[in-house]
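Chemist: Output the structure for:
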Amino acid sequence: MLPVQYVFHFSNKMYQKSLQKRLREFKQAEDHYAIYRYNCAESDLETISKEVAAVYPLINHLYRFKPQEKIQFAVYARKADLQNIMHLDTENTPMGIYWLGQIHLLAPAAWIAGAEEERNCAFRLLGPVAHEYTHYVIDYQTRGNYPRWLSEGLAQYTEQALAKMPPFSSECLLREDYYTLDELEYCFDFLRDQPLAYLEALLAGEILIEQYSFGYVRKILQELKTGKGLEEILYCEKLNYPTLNLLLREKLAQLRKNFAQSLVEM
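Modeler: As a prediction, this is how the structure comes out:
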């Protein structure tokens with residue numbers, strides 16, 4: 001095992017062990033795919049477990065991934081619970097977070113209004129399970145060696161491949177801002193326009209798939225596992241970062257042009 005792989009496994013296990021202590025008052029349930037620690041209603045947990053069962057085999061097949069153990073989930077009944085456990089600010093609380101081998105989810109009732117049937121339908125369309133599980137898969141396939149934008153781009157691509165709702169906001173198509181791959185890689189969470197950062201990550205992932213194939217993306221993830229950098233891997237295919245930046249800028253400009261045209265035609 002490479003040193004970086006040892007550190008990856010050690011840090012994940014230590015984090016999960018520490019988290020279990022903080023979640024000691026949560027109930028626990030287990031099924032064929034996952035272990036859940038939760039303080040939400042049983043109906044919400046059932047909604048989540050059904051979605052896990054639906055996307056788990058599809059994503060594993062897409063990425064040719066075989067989990068070595070059951071996936072760890074923590075499910076929170078209230079935003080405040082997730083904020084306290086993950087030390088988040090109160091302004092922007094996500095529906096889901098992947099961190100060090102653990103998937104954290106807000107229960108559907110915490111962010112979806114309406115009757116239970118309506119919540120179930122909305123959760124299937126908007127829920128974070130596919131997105132966060134893709135982060136898990138990429139993290140374990142690469143042993144944590146990947147640029148942030150690649151994981152975010154592929155997670156959104158996977159959501160769309162499973163017929164989920166489009167993950168980005170159209171507001172960023174009305175502006176002319178642009179982030180480079182270096183900005184996305186090193187400053188992702190601190191960029192002012194987060195919807196644009198996520199959109200560009202998605203477009204960059206799509207470019208890799210369009211230029212080669214999803215099979216090649218799987219090959220990239222396997223090579224990242226050996227400790228190589230993404231720039232080094234892409235260079236072997238004559239697709240360096242400057243070229244990828246140019247393709248990304250062109251794809252974003254075309255998307256904005258199409259969006260502006262659609263508004264004119266409305």
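Chemist: For this structure, which segments count as helices?
Modeler: 3-22, 42-63, 79-86, 116-126, 129-142, 148-161, 181-187, 194-211, 214-225, 230-236, 241-265 (DSSP state H).
Chemist: Nearest to F73, out of these?
Modeler: Proximity to F73 (Cβ to Cβ) singles out helix 42-63 among the helices of the chain, at 7.3 Å. Where you see a C-beta, it was placed from the backbone N, CA and C, and this is true even at glycine.
Chemist: Could you pull out the buried residues of the closest one?
Modeler: Neighbour-count burial for helix 42-63, counted by 16 or more other Cβ atoms under 10 Å, picks out 44-45, 47-49, 51-52, 55-56, 59, 62-63.
Chemist: between the helices of the chain, which one is nearest to L100?
Modeler: In terms of Cβ to Cβ, the element of the helices of the chain nearest to L100 is helix 3-22, at 4.0 Å.
Chemist: For that closest one, give the mean pLDDT please.
Modeler: In this model, helix 3-22 has a mean pLDDT of 83.
Chemist: I'd like to know which elements it is packed against.
Modeler: strand 102-106 (3 or more Cβ pairs under 8 Å, 6 or more residues apart in numbering; DSSP states H and E).
Chemist: Number of residues surrounding the residue nearest to R148 when sequence neighbours are not counted?
Modeler: With Cβ to Cβ, 6 or more residues apart in numbering as the criterion, R148 has its nearest non-adjacent residue at 4.5 Å, and that residue is F188. Look at F188: counted by other Cβ atoms under 10 Å, it has 19 neighbours.
Chemist: can I assume S11 is in contact with L100?
Modeler: Yes - between S11 and L100 there is a contact under Cβ atoms under 8 Å: 6.1 Å.
Chemist: ok, the two, which is more surrounded?
Modeler: L100 (16 against 13).
Chemist: phi, psi of that one?
Modeler: L100 adopts backbone torsions of phi 50, psi 50, taken as degrees, to the nearest 10.
Chemist: cool, and Y33?
Modeler: Here is the backbone geometry of Y33 (degrees, to the nearest 10): phi -110, psi -30.
Chemist: residues contacting the residue lying closest to it once chain neighbours are set aside?
Modeler: Nearest non-adjacent residue to Y33, counting by Cβ to Cβ, 6+ apart: Y56, 5.0 Å away. When contacts are counted by Cβ atoms under 8 Å, 6 or more residues apart in numbering, Y56 touches 33-34, 71, 133.
Chemist: Which of the helices of the chain comes out lowest on mean pLDDT?
Modeler: Across the helices of the chain, helix 3-22 has the smallest mean pLDDT, namely a mean of 83.
Chemist: Residues contacting it, please?
Modeler: 1, 37, 72, 74, 85, 99-102, 143-145, 225, 227.
Chemist: among these, which two are most distant?
Modeler: Once Cβ to Cβ is applied, the contacts of helix 3-22 give R37 and G227 as the farthest pair, at 32.8 Å.
Chemist: Looking only at neighbour counts, state which of these two leads.
Modeler: Comparing R37 with G227 by other Cβ under 10 Å, the one with more neighbours is R37, at 21 against 14.
Chemist: Run through the bridge partners of that one.
Modeler: Q28, A74 (DSSP bridges).
Chemist: Is it correct that L82 is in contact with L88?
Modeler: Yes - using Cβ under 8 Å, L82 is in contact with L88, at 6.7 Å.
Chemist: Give me the more crowded residue out of these two.
Modeler: Taking neighbours as other Cβ under 10 Å, L82 and L88 compare with L82 leading, 23 against 16.
Chemist: coming back round to it: would you list the buried entries among the contacts of helix 3-22?
Modeler: 37, 72, 74, 85, 99-102, 143-145, 225.
Chemist: Make JSON lines out of those residues and add distance to A109.
Modeler: Conversion of the buried ones among the contacts of helix 3-22 to JSON lines gives the following (distance: Cβ to Cβ, whole Å):
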{"residue": "R37", "distance to A109": "17"}
{"residue": "Q72", "distance to A109": "22"}
{"residue": "A74", "distance to A109": "16"}
{"residue": "I85", "distance to A109": "18"}
{"residue": "W99", "distance to A109": "23"}
{"residue": "L100", "distance to A109": "26"}
{"residue": "G101", "distance to A109": "26"}
{"residue": "Q102", "distance to A109": "21"}
{"residue": "R143", "distance to A109": "36"}
{"residue": "G144", "distance to A109": "33"}
{"residue": "N145", "distance to A109": "37"}
{"residue": "K225", "distance to A109": "38"}
